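Chemist: Structural data only, the sequence is not supplied:
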């Protein structure tokens, strides 16, 4: 019996796809822009880390141990500041790279009629699409690893020791970025096999991108507001204590409902998940307010696992659509 | 000459207005901007209520009566709309233009079209004209809907406001034309629609994201090292001379003036920033005459008196010119390229 998937043939296609991407002018151009913007973001991150460190040194030098309090005591800045500018700006240009890698994979072969020639050779259809998906995914994984490796290298070169937990978080950040890029790559690949030509595939992919990156978050915000209702009226300053307590409870419940509904809708959007993940990952754990209770990597994973699952399921669904469609495509 | 042009323009106009892609994006733009205008109108009414409350409570003896908030203008509501136009206008312009020529090449209908008694320049002019008309209708509808919502919310714009809204619509149209003409150009020179669209998107990212960052970085490099504060130079408890501090303040202001002038000069290349500047000039004129990328603009705030037209134009003429020139250049190149395309 022949194996279901011949890994050798898949590897051939993966290698060919990787090389194709890495030598494609459009891809290299976008990658160059991607790297430029990454380096600028990392530079901004390093500058703010440097400023925070200077401020910390200054305040340690002049602080009075008699007036110590967990609120006012300054803490050494977290190394993860370096990634925050990147996490904020990557969703603006990252998807373009992912979409550029994916939109022409099947449609291009169809319009140049090379797909028929390819299928004449002893290779199965599922091997072709698996190989193409793996090749694109590998290139995107490379693209998302470059900024993290670059940042860690710059930090190490600056003579700063990287704590193991921060290294783990950097690896998680890299994985989240790769999954985020993979999400839009999968959308592009799905439309590439659903639609006959590259132009329309790209247009549809952009439409889906707008849907998931802009409309879903907007709807999420409105849905949260609608479900949570109006903020209870603020008690007057001479209100009795029960009324103030009542107000606080109502405000908290409203805030929870708002967040809950918003997050529920945002699970649908790779951008929403990516933002939620990076927000938790890059929280300064020594902060007495926002970082309170976040102890180690397992705790962080516990907080973001839902978003991690969602951001992994999203590309899986679209890859499945691409796969199912490609297997049955009628080629003439 | 005109007959062929009008036929192509008419066909293109109908094609655009009936294309699902155009209608979808237009519906989105309409919906989002209507929501934005509605929210803005609510905020405006709240501001107006607190303004009149302050007016009533302000009597001659109140020492704070001088600090009554400025009367709010309904035009501020449109600054929200400009945010949506930056986003959806770009998408609309690109979607309208990226396959105008390349699709005809792919479907081999361009050859058939050219076999008929119509000149090449009539085709590209007609396509551009038809699309511009469709775009104009889209924007006029969006602005009309916005005015209707304002009236519905009980806000009646003055004649001056109407004029400003009209100029806002024209400027928004020119902004969308920038990306439309860019997409048309790529559609003419790229080998197929897919590469036309991806190249357009790359240039869009460069113009809207890379240029401002580059401007900021270049200005930082050009302006040199900032003056050193006497605060950080002074050690421990030694007192700081007031004159030194004043000199430092002056140097710092000069440094930032130079730096922001340079980054503004680079930013002229970005249609997004030019459009934002012009939209600000229309919706909030005092804000528009302050310098961009200059922290002192935030510290000092906009001037208290509304600048007159001359002053305003003096501050934004370069942005206006750049915003207008860019689509002309793109279209001219598209025209020249299309005239000489080898069609087989």
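Modeler: Okay, I see it. The shown structure was predicted, so the numbers you read here are calculated from the model rather than taken from an experiment. Residues are numbered from 1 along each chain as shown, chains lettered A, B, ... in the order given.
Chemist: do you know how far the most centrally placed residue in chain B is from residue B:264?
Modeler: Against the mean C-alpha coordinate of chain B, by C-alpha atoms, centre = their mean, the closest residue is residue B:275 at 2.1 Å. Using C-beta to C-beta, to the nearest Å, residue B:275 is found at 15 Å from residue B:264. Yep, even glycine has a C-beta here, placed from its N, CA and C like the rest.
Chemist: and the residue nearest to the centre of chain B, what element?
Modeler: helix B:271-283 (DSSP states H and E).
Chemist: and the next element down the chain from that helix?
Modeler: Counting by DSSP H and E, the next helix or strand C-terminal to helix B:271-283 is helix B:285-288.
Chemist: Quick check: buried residues in whichever strand or helix holds residue B:128?
Modeler: Assessed by DSSP H and E, residue B:128 sits inside helix B:120-152. By 16 or more other C-beta atoms under 10 Å in any protein chain shown, the buried positions in helix B:120-152 come out as B:120, B:122-135, B:138-139, B:142-143, B:146-147, B:149-150.
Chemist: The residue nearest to the centre of chain B contacts residue B:176, correct?
Modeler: No: counting by C-beta atoms under 8 Å, residue B:275 stays clear of residue B:176, with 9.3 Å between them.
Chemist: What helix or strand is residue B:160 located in?
Modeler: Here residue B:160, judged by DSSP H and E, is contained in helix B:159-189.
Chemist: Show me what the helix or strand just after that helix is packed up against.
Modeler: Downstream of helix B:159-189, the first helix or strand assigned by DSSP H and E is helix B:193-205. Judged by 3 or more C-beta pairs under 8 Å, 6 or more residues apart in numbering or on different chains; DSSP states H and E, the packing partners of helix B:193-205 are helix A:25-62, helix A:81-102, helix A:198-210, helix B:90-97, helix B:102-106, helix B:159-189.
Chemist: Could I get the buried residue list for the last one?
Modeler: The neighbour-count check on helix B:159-189 (16+ other C-beta under 10 Å) flags B:161, B:164-165, B:168-169, B:171-189 as buried.
Chemist: ok now that helix, how far from the chain's centre?
Modeler: Chain-centre distance of helix B:159-189: 8 Å, with C-alpha atoms, centre = their mean, to the nearest Å.
Chemist: next one: the fourth one
Modeler: For helix B:90-97, the separation from the chain centroid amounts to 15 Å (computed by C-alpha atoms, centre = their mean).
Chemist: now the angle from it to helix B:271-283?
Modeler: 120 degrees (axes from the mean of the first three to the mean of the last three C-alpha atoms, to 10 degrees).
Chemist: Output the set of residues of the stretch 1-150 of chain B in proximity to chain A.
Modeler: B:21, B:24, B:28, B:32, B:87, B:91, B:95, B:98-99, B:102-103, B:106 (C-beta under 8 Å from any C-beta of the partner chain).
Chemist: And the average pLDDT for stretch B:198-205 is what?
Modeler: Mean pLDDT, stretch B:198-205: 90.
Chemist: my bad, should have said stretch B:9-21
Modeler: For stretch B:9-21, the mean pLDDT works out to 91.
Chemist: now that stretch, how far from the chain's geometric center?
Modeler: Mean-position distance between stretch B:9-21 and its chain equals 25 Å (C-alpha atoms, centre = their mean).
Chemist: likewise stretch A:25-44?
Modeler: On the basis of C-alpha atoms, centre = their mean, stretch A:25-44 sits 16 Å off its chain's mean C-alpha point.
Chemist: what's next to it, contact-wise?
Modeler: For stretch A:25-44, the surrounding residues in contact (C-beta atoms under 8 Å, 6 or more residues apart in numbering or on different chains) are A:21-22, A:82, A:85-86, A:88-90, A:93-94, A:96-97, A:100-101, A:139, A:143, A:146-147, A:150-151, A:154, B:195, B:198-199, B:202, B:205-206, B:209-210, B:213, B:217.
Chemist: So, low pLDDT: which residues of the stretch 151-300 of chain A?
Modeler: A:285-295 (pLDDT under 70).
Chemist: Would you mind listing what in it touches chain B?
Modeler: Residues of the stretch 151-300 of chain A lying near chain B (C-beta under 8 Å from any C-beta): A:197-203, A:206-207, A:210, A:214-215, A:218.
Chemist: Now which of the residues you listed would you call buried?
Modeler: Listed as buried from these are A:197-203, A:206-207, A:210, A:214; burial here means 16+ other C-beta under 10 Å.
Chemist: would a markdown table of those residues with distance to residue B:77 be doable?
Modeler: Listed next are these as a markdown table, based on distance: C-beta to C-beta, whole Å:
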| residue | distance to residue B:77 |
| --- | --- |
| A:197 | 42 |
| A:198 | 41 |
| A:199 | 38 |
| A:200 | 37 |
| A:201 | 39 |
| A:202 | 35 |
| A:203 | 32 |
| A:206 | 29 |
| A:207 | 28 |
| A:210 | 24 |
| A:214 | 21 |
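Chemist: rewinding a little: for the helix holding residue B:160, give the mean pLDDT please.
Modeler: 92.
Chemist: Can you get me a residue count around residue 248?
Modeler: Since no chain was named, I'll use chain A. Neighbours of residue A:248 under the rule other C-beta atoms under 10 Å in any protein chain shown: 12.
Chemist: Sorry, I should have been clearer: chain B.
Modeler: Should you count by other C-beta under 10 Å, residue B:248 turns out to have 18 residues around it.
Chemist: cool, residue A:133 as well?
Modeler: 25.
Chemist: Which residue, other than its chain neighbours, is closest to it?
Modeler: Of all residues not flanking residue A:133 in the chain, residue A:319 sits nearest, at 5.9 Å (C-beta to C-beta, 6 or more residues apart in numbering or on different chains).
Chemist: what's the angle between the host helix or strand of that neighbour and helix A:81-102?
Modeler: Using DSSP H and E, the element containing residue A:319 is helix A:297-328. With the same axes, to 10 degrees defining the directions, helix A:297-328 sits at 10 degrees from helix A:81-102.
Chemist: got the buried residues for helix A:297-328?
Modeler: Using 16+ other C-beta under 10 Å as the test for burial, helix A:297-328 gives A:300, A:303-304, A:307-308, A:310-311, A:314-315, A:318-319, A:321-323, A:325-326.
Chemist: Looking at those residues, spot the one nearest residue A:256.
Modeler: Checking those against residue A:256 with C-beta to C-beta, the nearest one is residue A:303 at 15.7 Å.
Chemist: That closest one is in contact with residue A:280, isn't it?
Modeler: Yes: with contact defined as C-beta under 8 Å, residue A:303 counts as touching residue A:280 (5.1 Å).
Chemist: Say whether chain A is contacted by stretch B:256-265.
Modeler: No: Stretch B:256-265 stays clear of chain A (C-beta under 8 Å from any C-beta), getting no nearer than 13.9 Å.
Chemist: So what does residue A:161 have for phi and psi?
Modeler: The phi/psi pair for residue A:161 (degrees, to the nearest 10) reads phi -80, psi 140.
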